[in-house]
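Colleague: got a predicted structure here, sequence first:
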Amino acid sequence: MSKLMIYQMMHLLGVLLVFTAYGALIARVWMGSTAAGLRKFGAIVSGVGLLLILVSGFGMQPVYGWPLWILVKVAVWLSLGAMIVMINRKALPGPGLFAVTIILGFVAVAMAYVRPS
């Protein structure tokens, strides 16, 4: 297994962790729950996911350089990092938080597939 493939798998694992955690946290907000345990668990899982995305993304960066699509993905990563604050402070209603998270995920996937320079 090549180093690049290991980084890609780490990246996908991080993405799965972040979006699963945010899904649970958004559902918590949407349902009006105050479950502190879920809030803590979601914060830990999303933090680990964001760390995996960061480490693996920078591990893959020497292969690709710094084209526009990677810069956009870094901006999406920063926005996803800020989403935890938006979710916990209920900056938007549940459906709005859900939509913003899906849009950020779509932009990241589109950049990875289209790779505009």
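Modeller: Everything's here; your move.
Colleague: can you map out the helices along this structure?
Modeller: Counting by DSSP state H, residue ranges of the helices within the chain are 3-30, 36-64, 68-88, 94-114.
Colleague: and the third one, what's buried?
Modeller: Taking 16 or more other Cβ atoms under 10 Å as the basis for neighbour counts, the residues of helix 68-88 that come out buried are 69-70, 72-73, 76-77, 79-80, 83-84, 86-87. C-betas here are computed from N, CA, C, even on glycine.
Colleague: next one: the second one
Modeller: Counting neighbours by 16+ other Cβ under 10 Å, one finds that the buried residues in helix 36-64 are 39, 42, 45-46, 49-50, 52-53, 56-57, 59-60.
Colleague: helices and strands around that helix, which ones?
Modeller: Other helices and strands packing on helix 36-64, by 3 or more Cβ pairs under 8 Å, 6 or more residues apart in numbering; DSSP states H and E, are helix 3-30, helix 68-88.
Colleague: just put those in a markdown table and tack on mean pLDDT and distance to residue 105.
Modeller: Written out in a markdown table, the entries for those read as follows (pLDDT from 0 to 100; distance: least, Cβ to Cβ, whole Å):
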| stretch | mean pLDDT | distance to residue 105 |
| --- | --- | --- |
| helix 3-30 | 96 | 6 |
| helix 68-88 | 96 | 8 |
